[in-house]
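J.: Could you look at this predicted model? Sequence included:
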Amino acid sequence: MRSQLLTAAARTLDGAAEQLERLQTRWRLSDGMLGSVYCGAQCVDPEPLVADLGDTAPFLAALGFRAQALELARCAASHLTRGLYRRGERAYLFDNHDLLLGWLELYEQTGERWLLEHCVAALATVKRECEVRGRLVDWAEPGRRAWRASSFNAGFIEVAVDLYAATREPVYLEWAGAWAARLLRARSFQRHGLWSRFDTPRFEAIGAVLGRVSRQGPRRMFKDNTNCVWALLSLFLKSKQPEISAALNKFVSVLAELVQEHGQVPQYPGRAVRFDLAANVFVADLLADIAHFMGHEPALELACKVVDVIELRRWQNGLLPRGAGQPGDHLDIMTDFGVALCKLDALRPGNGFFDLAEHGWRSTWKLHQSENGLVLSVDSGGRVVDDRIIVKYQFLATKALLITERARVYDDPRLWRLLRDR
């Protein structure tokens with residue numbers, strides 16, 4: 001498998017063979033863990049990439065580098081306290097979501113039981129330390145918990161569903177169901193069909209006030225609402241609860257209204273709308289999944305419409321602007337837009353989506369290439385805007401190497417799970 005990937009990569013994407021070699025040896029700290037950010041060969045952010053284990057080690061394994069992937073996971077485990085990655089004594093859920101998915105995805109790739117045991121212990125700690133009145137709050141430390149429960153934290157529903165699939169232990173579906181039931185009763189969703197950035201489990205009205213006075217507004221599309229809906233979708237596929245189906249339908253309807261009103265997906269509905277590539281790309285990706293797994297034709301139509309909105313902004317060099325007023329593109333979003341296009345190609349073959357994905361990936365690997373890895377941002381003229389090497393994006397960019405056939409994204413459930421961006 002490794003030699004086939006190397007051969008195909010060298011043929012299709014600039015510098016891909018060299019990049020695969022870098023993934024095995026570069027960007028390591030003294031203990032073997034990955035550093036976060038480099039400029040050239042120099043580490044400028046030595047924060048160990050424990051929180052992003054799911055964005056690194058499972059890709060190494062999928063590309064054929066099993067031993068290196070497991071060594072990275074062992075290094076990550078040495079940075080944990082009571083099962084979670086902490087900053088001091090405080091465990092932020094944002095820092096641990098991809099970590100837990102990483103344990104599961106690497107277990108799926110390798111079958112190593114200790115990886116599953118890490119995830120079991122970590123999710124139990126999340127529930128014990130961070131649950132407040134049925135919602136998972138943003139952080140916890142001994143004797144204290146956050147007052148806010150971002151809807152991003154609903155992503156742990158998806159972790160629980162995946163853990164159930166791996167262990168067949170019903171308790172994880174019970175946890176997921178209880179967290180989902182509380183989400184469906186949330187004040188913001190009941191009123192607006194979207195979840196708030198400021199859910200305050202103890203005193204809901206306070207969250208509503210904070211949302212109204214916030215400069216960015218009460219609701220954020222990506223990653224808050226997108227992660228939340230992906231989580232609910234994952235539970236629906238196991239439980240077929242009509243309440244979840246109704247919520248997903250409501251969400252799609254609200255999105256359709258927003259796109260009709262603004263001509264795009266707003267990142268912050270209710271505030272001045274400026275184009276944001278991430279919000280549009282990940283909503284298109286999410287809608288494709290809803291369309292595929294639920295047979296939801298309106299979601300598919302809307303996903304295609306959002307892609308049309310994005311494509312209007314593509315530069316002649318094949319890249320896309322990160323957002324209104326920003327001079328450059330974004331390496332990781334270019335990667336994930338290709339994934340969304342491949343999903344749509346699977347659902348509507350013959351409409352050119354796969355060709356658009358390949359065009360974007362070829363442009364990305366050509367124009368972002370440097371001797372030290374793929375730089376973060378390039379402009380419409382091919383000039384480097386931001387030369388930082390964001391290490392997790394070096395691994396995530398290999399999604400373009402793993403999708404080797406048209407329509408394969410949904411044919412291989414393991415690949416679909418690996419391609420998730422949460």
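T.: Happy to help now that I have it. Numbering: from 1, shown residues only.
J.: C-alpha only now, for contacts and for neighbours.
T.: Fine.
J.: Surely Val339 is in contact with Leu419?
T.: Yes. The pair Val339 / Leu419 is scored as a contact, 7.5 Å apart, by C-alpha atoms under 8 Å.
J.: Could you tell me which residues touch both of those two?
T.: Taking C-alpha atoms under 8 Å, 6 or more residues apart in numbering as the criterion, Val339 and Leu419 both touch Lys399.
J.: More neighbours: which of these two?
T.: Val339 (27 against 21; other C-alpha atoms under 10 Å).
J.: I'd like the average pLDDT over stretch 31-42.
T.: The average pLDDT within stretch 31-42 is 97.
J.: quick one: contacts of it?
T.: With C-alpha under 8 Å, 6+ apart as the test, stretch 31-42 has contacts from 27-29, 43-50, 72, 75-76, 372, 387-392.
J.: CA atoms of stretch 44-57 as CSV?
T.: Coordinates of each C-alpha in stretch 44-57 appear next as CSV, following Å, rounded to 0.1, in the frame of the first residue of the first chain:
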residue,chain,number,x,y,z
VAL,A,44,7.9,28.8,16.9
ASP,A,45,5.1,27.1,18.9
PRO,A,46,6.3,24.1,20.9
GLU,A,47,2.9,23.3,22.3
PRO,A,48,2.8,19.5,21.9
LEU,A,49,0.2,18.3,19.4
VAL,A,50,-1.7,16.1,21.9
ALA,A,51,-5.0,17.8,21.4
ASP,A,52,-4.8,17.1,17.7
LEU,A,53,-3.9,13.5,17.9
GLY,A,54,-6.8,12.7,15.6
ASP,A,55,-5.4,14.9,12.9
THR,A,56,-2.0,13.3,12.9
ALA,A,57,-1.5,9.7,14.1
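J.: Only the buried residues of it, if you could.
T.: 46, 48-57 (16 or more other C-alpha atoms under 10 Å).
J.: any idea which of these is closest to Phe94?
T.: Distance to Phe94 across those (C-alpha to C-alpha) is lowest for Ala51, with 8.2 Å.
J.: Look at the closest one and report its pLDDT.
T.: In this model, Ala51 is scored at 97, pLDDT.
J.: So it sits against Leu101, correct?
T.: No. With contact defined as C-alpha under 8 Å, Ala51 does not count as touching Leu101 (10.2 Å).
J.: Which phi and psi values does Arg87 adopt?
T.: phi -110, psi 100 (degrees, to the nearest 10).
J.: ok, back up a step: quick one: mark the members of the contacts of stretch 31-42 that sit in strands.
T.: Counted as lying in strands by DSSP state E, out of these, are 43-45, 388-390.
J.: Now flag whichever of the residues you listed is closest to Val307.
T.: Of the ones in strands among the contacts of stretch 31-42, the one sitting nearest to Val307 (C-alpha to C-alpha) turns out to be Ile390, at 26.2 Å.
J.: which SSE is the residue found closest to Leu347 once you drop the neighbours it is linked to in the chain in?
T.: Nearest residue to Leu347 in three dimensions, chain neighbours excluded: His292, at 7.1 Å (C-alpha to C-alpha, 6 or more residues apart in numbering). Here His292 sits within helix 277-294, counting by DSSP states H and E.
J.: Going by neighbour count, list what's buried in that helix.
T.: For helix 277-294, burial by neighbour count (16+ other C-alpha under 10 Å) applies to 277-292.
J.: I'd like the next helix or strand past that helix.
T.: Counting by DSSP H and E, what follows helix 277-294 is helix 297-311.
J.: Let me know the angle separating the following helix or strand past that following helix from helix 277-294.
T.: Next helix or strand after helix 297-311 toward the C-terminus (DSSP H and E): helix 331-347. In terms of direction (axes from the mean of the first three to the mean of the last three C-alpha atoms, to 10 degrees), helix 331-347 departs from helix 277-294 by 30 degrees.
J.: chain center to the helix or strand following helix 331-347, what's the gap?
T.: With elements assigned by DSSP H and E, the helix or strand that comes after helix 331-347 is helix 353-367. Centroid displacement of helix 353-367 relative to its chain, using C-alpha atoms, centre = their mean, to the nearest Å, is 20 Å.
J.: Quick check: mean pLDDT of helix 353-367?
T.: Helix 353-367 shows a mean pLDDT of 97.
J.: What lies in contact with it?
T.: With contact meaning C-alpha under 8 Å, 6+ apart, helix 353-367 is reached by 12-16, 317-319, 331, 334-335, 337-339, 341-342, 344-345, 374, 378, 382, 400, 406.
J.: Noted, bye for now.
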